[in-house]
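Asker: the sequence isn't on hand, but the structure is:
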């Protein structure tokens, strides 16, 4: 690949309620709503957490855009790196997330795992300095 080519990847999380999801991410992760579009009763929104953006949107079954709730699971995990995983993890639980694994030290990371109310799995942690 040419050194001149720049790449960027932005996750897009499909949910059953994009407006509710944007409120959850604001409460749980101090996310900011950057853009929001509603068309035919469906909402898409761009969210910023720290220096990372991602999109959320309502299901569109006709395009095979289905949420973890609909498909009964999620093969993708979001990894949120933060200097204070304990506080962010507790905030997410208070906002409605479900704990999968508490924040613990595992090898060279302090990390915990939870599921947001829309079925997406989040690992929240930080690398440990030696």
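Answerer: Sure thing, it's come through. Please read these numbers as outputs of a predicted model, since none were measured by experiment.
Asker: give me the most central residue, this structure.
Answerer: Centroid-nearest residue in the chain: residue 78, 5.6 Å away (criterion: CA atoms, centre = their mean).
Asker: pull up the gap between that one and residue 46, please.
Answerer: 15 Å (CB to CB, to the nearest Å). Glycine gets a C-beta too; all of them are placed from N, C-alpha and C.
Asker: what of residue 114?
Answerer: For residue 114, the distance to residue 46 - CB to CB - is 23 Å.
Asker: next one: residue 67
Answerer: Residue 67 sits at a distance of 18 Å from residue 46 (criterion: CB to CB).
Asker: the closest residue to residue 31 other than its chain neighbours is in what secondary structure piece?
Answerer: Nearest non-adjacent residue to residue 31, counting by CB to CB, 6 or more residues apart in numbering: residue 25, 4.0 Å away. Secondary structure assignment for residue 25, by DSSP states H and E: helix 18-29.
Asker: and the contacts of whichever helix or strand comes after that helix?
Answerer: Per DSSP H and E, helix 18-29 leads on to strand 32-39 as the next helix or strand towards the C-terminus. Contacts with strand 32-39, where a contact means CB atoms under 8 Å, 6 or more residues apart in numbering, come from 22, 26, 43, 44, 45, 46, 47, 48, 49, 53.
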